[in-house]
Each structure stands twice: as structure tokens, then as C-alpha cells.
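J.: just need the structure, nothing else, for what follows:
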Amino acid sequence: MSANDAHHNQAFRARLLENGKIEMTDALGAKLAVLDPEKVAPLKLLTAGKKAGDLVFELDLDPYERAFRHVSTHLLMRELTEASVREALEAGRAYVAFDWFADPTGFVAEINRGDEAWPLGSEVPFRNDLRLRAEAPLETTFKVICDGQTIFERTADRLDVPVSKPGNYRVEAWLKLVGELRPWILTNPIYVRMP
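T.: Residues are numbered from 1 along each chain as shown. I've put the predicted structure just below:
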């Protein structure tokens with residue numbers, strides 16, 4: 001499960017005071033500075049036509065609309081009902097995505113054997129012919145994690161690897177941003193058990 005830490009506290013406001021100066025405050029209304037437009041020429045342009053109490057400018061760096069789109073939990077469901085949401089959560093059919101990096105729509109991770117498929121959260125009886133498959137809507141660095149250890153890594157838009165032993169298998173998808181790999185998608189595990 002993911003959660004956003006949204007405080008909406010990175011905003012700055014500037015209001016024109018009775019004395020013609022500009023008061024800068026933070027999102028909670030705490031005074032940060034008082035500026036004199038007579039001493040800072042560009043500020044004089046911002047106050048033209050304004051009266052005391054008017055908002056001169058506002059800079060909102062973390063509005064709730066943006067903050068709540070930072071990371072989200074995606075559920076694998078057949079229909080959008082309360083019962084389906086509860087069932088998907090209880091079954092662990094979910095992955096977390098940092099949606100602001102890229103839209104994860106189309107991401108899939110599952111274990112297959114022939115025509116049989118087990119989604120995230122499933123318990124699968126171990127056999128030698130199991131395969132872990134994943135697909136992403138764009139090229140990513142896939143990491144296969146088994147029992148907490150990275151056992152396979154590849155950069156591609158799809159992944160198909162054999163499951164060689166029982167364990168708890170997860171898939172991570174990482175994107176290169178500003179020259180560094182960063183986590184984009186983190187799945188719940190699929191539990192491969194001895195029969």
C-alpha cells in the first residue's frame with residue numbers, strides 16, 4: 001500500500017499592506033518578510049493598480065491535486081465496486097506506482113504455466129515449468145526480487161524468466177530520471193510454495 005504525505009504547506013503569498021509595502025507569508029500565514037517596492041523595482045510593477053489587502057502574487061509548490069498524484073496503489077479488479085476493492089486488497093492483488101514519473105496503465109506481472117496464470121498476491125504450487133512474466137507500457141529496468149534478494153535484472157518493456165525455486169517473488173520497475181535509476185512500480189509478491 002502507498003500513502004501520500006500531503007501537507008499543502010509549501011505555498012507563499014504576497015499581499016499589499018496599507019503602507020505600500022508587500023508582506024510575504026507562508027501557507028500557514030506566518031510572516032516571512034516585508035519588502036519595499038520602492039527599493040526593489042520589479043516589485044513595483046506587481047503592485048501597479050493594487051490596493052491594500054490585494055494579493056500581489058501566490059506561489060503554490062505542493063497543491064493537494066499534485067501531492068495526491070505522487071504515488072498510488074493500483075488494484076487488479078474486474079469491476080469497480082466496493083466488494084471488488086475489498087476482495088483485491090484482501091487477496092494482495094495490487095502494486096504501487098509513482099504515477100508522476102509515468103502512467104503505469106498496462107503494467108502486468110504474473111506467474112504462468114501454459115494457459116494458467118496467477119496474478120499478484122496468489123499462492124502458486126511450485127513446478128519446474130513456471131515462468132514469471134511482466135510487461136510495462138515503456139522500457140524500464142525490471143528487477144525480480146525473490147525472498148528479498150534481487151535475482152534478475154533487465155532493461156526492456158517485457159520480462160519472461162523461469163521460476164527456479166519456491167519463494168516470494170516481486171517485480172520492481174525502475175526508470176532512469178536525470179541520470180539515475182528510480183523506483184517506478186513495486187508489486188506485491190506472488191507466493192510460490194512447495195506442493
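J.: now residue 157. Nearest residue, chain neighbours left out?
T.: In space, and not counting its chain neighbours, residue 157 is closest to residue 139: 4.9 Å by C-beta to C-beta, 6 or more residues apart in numbering. To be clear about C-beta, it is placed using only N, CA and C from the backbone, and glycine gets the same treatment.
J.: quick one, phi/psi of that neighbour?
T.: When read as degrees, to the nearest 10, the backbone of residue 139 gives phi -60, psi 140.
J.: ok, now which ones touch it?
T.: Residue 139 makes contact with 155, 156, 157 under the criterion C-beta atoms under 8 Å, 6 or more residues apart in numbering.
J.: ok, 10 Å please
T.: When contacts are counted by C-beta atoms under 10 Å, 6 or more residues apart in numbering, residue 139 touches 155, 156, 157, 158, 173, 175, 176.
J.: for residue 127, same thing?
T.: 113, 163, 192, 195.
J.: burial of the first one, as a residue count?
T.: The local packing of residue 113 (other C-beta atoms under 10 Å) involves 15 other residues.
J.: hang on, it packs against residue 122?
T.: No: assessed by C-beta atoms under 10 Å, residue 113 is found out of contact with residue 122, at 11.8 Å.
J.: what sits closest to residue 117 if chain neighbours are left out?
T.: In space, residue 117 is closest to residue 110, 5.0 Å off (C-beta to C-beta, 6+ apart).
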